[in-house]
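**Student:** okay, predicted coordinates and the sequence, questions at the end:
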Amino acid sequence: MSFGEGAESERIESLPVNIFIGNWGALIVVLLACVTGTYLQLNRNLYSQAKSFLLTGILLIVIYLFRFQIGDVVISIFQTF
């Protein structure tokens, strides 16, 4: 995130709220979309589509927890070429 230059921008950038949003904001938005999709499909009795949203959310949580390790593996693969 960019808040300008100087001590005040460093203070704003180091606030716990900004750190939380930077680390988990993307996952929260996508999971809210998956939960909404699951809920809407369950109300329409479309269980196979609801299951797809639910499994997507679970898979994204697992991948997101290991995002740094996955990124390191991908980078190391391309550095060997």
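**Tutor:** The structure has been received and is ready for your questions.
**Student:** quick one, what contacts residue 27?
**Tutor:** 60-61, 64 (C-beta atoms under 8 Å, 6 or more residues apart in numbering). From N, CA and C alone the C-beta is placed, and that goes for glycine too.
**Student:** and those residues, which is closest to residue 46?
**Tutor:** Nearest to residue 46 out of these is residue 60 (C-beta to C-beta; 20.6 Å).
**Student:** in three-state terms, label that closest one for me.
**Tutor:** helix (DSSP: H, G, I helix; E, B strand; the rest coil).
**Student:** that one contacts residue 35, doesn't it?
**Tutor:** No. Using C-beta atoms under 8 Å, residue 60 is not in contact with residue 35, being 11.6 Å away.
**Student:** among the helices and strands of the protein, which has the poorest mean pLDDT?
**Tutor:** Least confident helix or strand, the chain: helix 7-13 with a mean of 75, by mean pLDDT, DSSP states H and E.
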